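[1] Whatever this is, show me its structure:
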Amino acid sequence: MKVSMRELLEAGAHFGHRTRSWNPKMAPYIFGSRNQIHIINLEKTLPMFNDVLNYVGRLASNRAKILFVGTKRAAQEGIRNHAQRCGMPYVDHRWLGGMLTNYKTVRQSIIRLKDLQEMQAKGLLNGMIKKEALMLTRELEKLEKSLGGIQDMSGLPDALFVIDVGFEKIAVEEARRLKIPVIGIVDTNNNPDNIDYMIPGNDDSMRAIEIYLRTVADAILEAKQLHTDAKAEKNAIEKKDTKEAKITKHTKIVKKATKEIKEEQVAEATVIKALKPAKKATAAATKEKKKASPEPKASKEVKTSKKVAAPKKTAASKPAAKKTTLIKPKVAATKKAKIKESS
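    You can find the predicted model right below:
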């Protein structure tokens, strides 16, 4: 995101302060004077402004927090709108002394503000006594004006963007003590010494302030979008790489398995090939044995052995029959003897 010379001229960014109230340290950035008003050299302002935009873009791409500061009436609305648009903290009402150097105490006030906001959201203020509810409502309004813009800052900012470095000298001094970089609009009546990234220009015109804020906010949004796009692209590449890695791993496994199967098949084929001559030799040996052995004689011997075994079985069965016939007369005689005795 860059700004053009024409835009700065149309916004009146080249008009400085009266010649009698100038700061000699701003002499390198002054083109001349007209009607006792200094004219700022926009040929020097433009490259410095573009450097600021590049710096802001780098900060935003690293998810840094840039605190927008503009408590003068001409800057309040623009500061609030553009800071909210690009998601940055802001101070638009009054700079509280120690907002940076005594941030621990300010943090307690922010916690109090959030508690009151939660109470209001739940409707707890409605159930209180009228006087107590009124006191809490006034406290809430006061805290929202002073700290509403920094309640989500969660720590010290990474840089300050100040509209009028002379009007916000307390903020600039606190940032200098904590070594926080300051980006500032510096008019001809201000001292540029404590400003790390300065933009020589008109800090009173609402049109000029609007172009400063709009351009910086657009640069922040563009850097954030580029960061998210780069992150999404990186994630997509990582997913693609993991997918390709899985595919290559699978193909390697398949290749290894096929190689092992082929090796097994080759080994099996070699074993079969080696066993074929042995099988042929055993088959030939069995054939020779069959030819050498007389098979019919063996069958006759088996038949004769069967015939010889048959008479032995019949001879053994006949005596058993005789024994049964001999037992029966004895039983009958004993029965007759018992009958005679009884009679």
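[2] Number of residues surrounding the nearest residue to Gln84 once chain neighbours are set aside?
    Using C-beta to C-beta, 6 or more residues apart in numbering and skipping residues adjacent in sequence, the residue nearest Gln84 is Tyr90, 7.5 Å away. From N, CA and C alone the C-beta is placed, and that goes for glycine too. For Tyr90, the neighbour count with other C-beta atoms under 10 Å is 24.
[3] correct me, but Tyr90 touches Lys65?
    No: in this structure Tyr90 lies outside contact range of Lys65 using C-beta atoms under 8 Å: 10.8 Å.
[4] So, low pLDDT: which residues of this protein?
    1, 241, 276, 279, 293-343 (pLDDT under 70).
[5] mind listing the helices for the stretch 151-300 of the chain?
    Per DSSP state H, counting those that start in this stretch, the stretch 151-300 of the chain carries helices over the ranges 169-177, 206-292, 295-342.
[6] who does the residue nearest to Gln84 bridge with?
    For Tyr90, the beta-bridge assignment (DSSP bridges) gives partners Phe68.
[7] which residues sit in contact with it?
    67-70, 79-80, 83-84, 149-150 (C-beta atoms under 8 Å, 6 or more residues apart in numbering).
[8] looking at these, which has the most residues close by?
    When neighbours are counted as other C-beta under 10 Å, the busiest of the contacts of Tyr90 turns out to be Val69, with 31 neighbours.
[9] how much space is there between that residue and Ile40?
    With distances taken as C-beta to C-beta, to the nearest Å, Val69 is found 21 Å from Ile40.
[10] likewise Ile129?
    For Ile129, the distance to Ile40 equals 58 Å [C-beta to C-beta].
[11] more neighbours, those two?
    Ranked by neighbour count (other C-beta under 10 Å), Ile129 and Ile40 place Ile40 first, with 25 against 8.
[12] hmm, back to that, from the contacts of Tyr90, which ones fall inside helices?
    If you go by DSSP state H, the contacts of Tyr90 have 79-80, 83-84 in helices.
[13] Give me the distance between the residue nearest to Gln84 and Pro28.
    Taking C-beta to C-beta, one finds Tyr90 at 31 Å from Pro28.
[14] Thanks again, I'm all set now.
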